[in-house]
Structure formats: C-alpha cells, structure tokens
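Colleague: Got a predicted structure plus its sequence, pasted below:
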Amino acid sequence: MVYLDKFKMKIPKQLIALTKEHHLSLSLANKAINAKKLGNEVAICQQIAENFEQDFLSHFNFEEQYILPLLTQNNQPDCQRIISEHRQLLRLAKDINTDNLLKFGELLKTHTRFEDRVLFKQIPADSLHRIPT
C-alpha cells in the first residue's frame, strides 16, 4: 500500500497510476464547472473537444478491461454504471458546447469520485495482482 495525498488514503500500488489520472480528471471537471459559472466556456470546450478522447479513452479501456472484471461477480450494477458513464462522457466530449459543458463537468467529477471512493475499494485484495502496473 502507498499513501497518497494529504488525506492519507491507502492506495494499492496497482491503482496508483489510475488514481493519478483521476486527479487530472477532477481538475478538468472543475475547470469545466468553473468556466460555465464564470461565463468563460469557449476555451475549455475547445480543449475538451480536441483532447478528451485522446487523453481518456485508454484510461477508460484499461478500467473496463482490468478493473471491472474483478468486480462483475459481486457488483454488476456499479460496473454497468461505469461503462455507461464512460460512453456518456465520450459522447458529451465529442459534442461539447456551452449548453452541455456543466453536465459534462459534473458527470466527470461524480464519476471519478465514485471510482476512487467506492469502486476501487470493492476490488478484492487477492485480485489486485491481476492488474498490470
């Protein structure tokens, strides 16, 4: 186990890379939410449209290929939720605009927090060795 950040969260070493990517995800979500609130949406919409799929598709695929199979026997609804949200985020990013920016940001934020705070904790400790590092 490795302790990550000031909250002293115990993170198995196999999940460190994903958790670090989640930090970037939360940063993007907050930028989207704040840009919408401040009326400064155009630049962040362009950034999301140009980079989101490239930056996050491999992350989503990794989770679906290696993380979710460790959970499916015990937690099918949460696994379906994750897959559905991955698809929604990719769709929203492709069609990002000032009207759906807040929805995108809020979904990205709740999705990321759910994975870190709930889903990853449900991975059986004896299965962690199956996750490539």
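Modeller: Perfect, thanks for sending it.
Colleague: what ranges do the strands span in this structure?
Modeller: Assigned by DSSP state E, the chain shows strands spanning 2-4, 9-11.
Colleague: which helices and strands does the longest helix along the chain pack with?
Modeller: Longest helix of the chain, by residue count under DSSP state H: helix 16-38. When contacts are defined as 3 or more CB pairs under 8 Å, 6 or more residues apart in numbering; DSSP states H and E, helix 16-38 sits against strand 2-4, helix 42-62, helix 101-114. (C-beta placed from N, C-alpha, C; glycine too.)
Colleague: Give me the angle between it and helix 101-114.
Modeller: Helix 16-38 and helix 101-114 meet at an angle of 150 degrees, taking axes from the mean of the first three to the mean of the last three CA atoms, to 10 degrees as the criterion.
Colleague: what's next to helix 16-38, contact-wise?
Modeller: Applying CB atoms under 8 Å, 6 or more residues apart in numbering, the external contacts of helix 16-38 come out as 2, 4, 11, 41, 43-44, 48, 52, 55-56, 59, 62-63, 67, 98, 101-102, 104-106, 108-109, 112-113, 115-116, 120, 133.
Colleague: So how do I select the buried members of those in PyMOL?
Modeller: Per 16 or more other CB atoms under 10 Å, the buried members of these correspond to this PyMOL selection:
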select buried, resi 4+11+41+44+48+52+55+56+59+63+67+101+104+105+108+109+112+115+116+120
